[in-house]
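> sharing a model prediction with you, sequence too.
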Amino acid sequence: MARVLLIEDDPAVQKGVALALKRRGHDTEIAGSGETGLLSLERYRPDLVLLDLMLPQMSGLEVCRRIRETKQVPIIILSARGDEIDMIVGLEAGADDYVVKPASGEILEARMKAVLRRVAPVQETARSPLGVEEFATLTVDRASLLVTKHGTELALAPSELKLLLFLSAAPGQVYSRQQLLEQVWEHSFYGDVRLVDACVMRLRAKIEDDPRRPVYVQTVRGFGYRFGPLS
């Protein structure tokens with residue numbers, strides 16, 4: 001069971017989503033605006049946030065950005081706006097996933113499970129006994145799920161952390177966007193590969209000294225992405 005904060009102003013959507021979550025054993029808190037959602041975040045301390053984009057006064061994008069300033073809680077945007085530009089903007093604001101509504105309870109549950117697995121403890125996969133690997137100025141501690149740059153801990157969103165852990169486990173190995181989508185996001189629909197590109201952009205902004213000339217998450221044109229430099 002997960003504690004889910006639903007930030008949504010439409011009463012019909014509130015009722016439908018809350019019922020679907022309750023049937024699947026989840027506890028749900030509902031906030032009808034961005035402002036009340038941010039307050040509920042501190043009080044309710046959810047495991048996951050479902051966030052509408054079209055909210056009164058404070059937009060869902062602004063709510064997402066404010067959450068990401070201090071929290072690494074998983075965020076799934078749940079919006080009727082299915083245009084690619086809306087998805088990209090939402091993902092770049094810090095969301096971990098984007099679901100177009102109306103969405104069935106089964107789809108929502110599957111996406112929630114996939115996101116929550118990204119923040120669950122992972123099995124030790126590092127080559128070193130302590131699970132700590134150093135890559136130039138970047139240190140990845142797989143046991144404690146901590147990443148530091150120049151000795152300073154980085155605040156990574158769940159999707160950013162899992163992407164980094166996956167790529168850095170096999171430096172030099174090239175993965176296609178579709179492979180990363182299936183392994184990190186656990187999606188199989190090809191159209192969702194924009195999730196990968198948006199996450200790569202956000203991750204580079206945090207771990208690279210110059211995101212325009214990436215050292216760690218490198219693009220292999222025509223193929224996908226790889227991690228470097230080798231440790």
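Looks like it arrived, so ask away.
> now Arg111: how far from Asp141?
As judged by C-beta to C-beta, to the nearest Å, Arg111 and Asp141 stand 28 Å apart. To be clear about C-beta, it is placed using only N, CA and C from the backbone, and glycine gets the same treatment.
> between those two, who's got more neighbours?
Arg111 (22 against 16; other C-beta atoms under 10 Å).
> show me where the protein has helices.
With helices called from DSSP state H, the chain shows them at 11-23, 34-44, 60-70, 84-92, 105-119, 158-168, 177-180, 194-207.
> in the second one, which residues are buried?
If you call a residue buried by 16 or more other C-beta atoms under 10 Å, then helix 34-44 has these buried ones: 34, 37-38, 40-41, 44.
> same check on the third one?
By neighbour count with 16+ other C-beta under 10 Å, helix 60-70 contains the buried residues 60-61, 63-64, 66-68.
> pick the most buried one from the helices of the chain.
helix 158-168 (a mean of 23; mean count of other C-beta atoms under 10 Å).
> by how many degrees do that one and helix 194-207 diverge?
Angle, helix 158-168 to helix 194-207, by axes from the mean of the first three to the mean of the last three C-alpha atoms, to 10 degrees: 80 degrees.
> does anything pack onto helix 158-168? Which helices or strands?
Judged by 3 or more C-beta pairs under 8 Å, 6 or more residues apart in numbering; DSSP states H and E, helix 158-168 is in contact with helix 105-119, strand 138-141, helix 194-207, strand 217-220, strand 224-227.
> closest one to Ala95 among the ones you listed?
Closest approach to Ala95 among these (C-beta to C-beta): helix 194-207, 8.6 Å.
> pLDDT averaged over stretch 79-98 - what is it?
Average pLDDT, stretch 79-98: 78.
> scratch that, stretch 1-21
The average pLDDT within stretch 1-21 is 92.
> how far does that stretch stretch from start to finish?
Its start and end residues considered, stretch 1-21 measures 9 Å (C-alpha to C-alpha, to the nearest Å).
> dead centre of the protein: give me the residue that sits there.
Residue closest to the mean C-alpha point of the chain, counted by C-alpha atoms, centre = their mean, is Asp96 at 2.4 Å.
> so where is this protein shaky, pLDDT-wise?
Scanning the chain for pLDDT under 70 picks out the ranges 82, 118-130, 187-192, 229-231.
> wait, what's in contact with the nearest residue to Gly151 once chain neighbours are set aside?
Leaving aside its chain neighbours, Gly151 sits nearest to Thr139 (7.9 Å; criterion: C-beta to C-beta, 6 or more residues apart in numbering). The contact partners of Thr139, taken as C-beta atoms under 8 Å, 6 or more residues apart in numbering, are 132-133, 147-149, 151.
> chain center to stretch 9-16: distance?
Chain-centre distance of stretch 9-16: 24 Å, with C-alpha atoms, centre = their mean, to the nearest Å.
> only alpha carbons, please: show it as CSV.
The C-alpha trace of stretch 9-16 is given here as CSV (Å, rounded to 0.1, in the frame of the first residue of the first chain):
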residue,chain,number,x,y,z
ASP,A,9,-9.3,20.3,-8.9
ASP,A,10,-11.9,18.4,-10.9
PRO,A,11,-14.3,16.7,-8.4
ALA,A,12,-15.2,13.9,-10.9
VAL,A,13,-11.5,13.0,-11.4
GLN,A,14,-10.9,13.2,-7.7
LYS,A,15,-13.6,10.7,-7.0
GLY,A,16,-12.7,8.4,-9.8
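> ok now stretch 166-173, how far from the chain's centre?
19 Å.
> how about the buried residues of helix 34-44 in a markdown table, adding distance to Ile75?
Formatted as a markdown table, the buried residues of helix 34-44 follow (distance: C-beta to C-beta, whole Å):
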| residue | distance to Ile75 |
| --- | --- |
| Gly34 | 13 |
| Gly37 | 11 |
| Leu38 | 12 |
| Ser40 | 14 |
| Leu41 | 10 |
| Tyr44 | 14 |
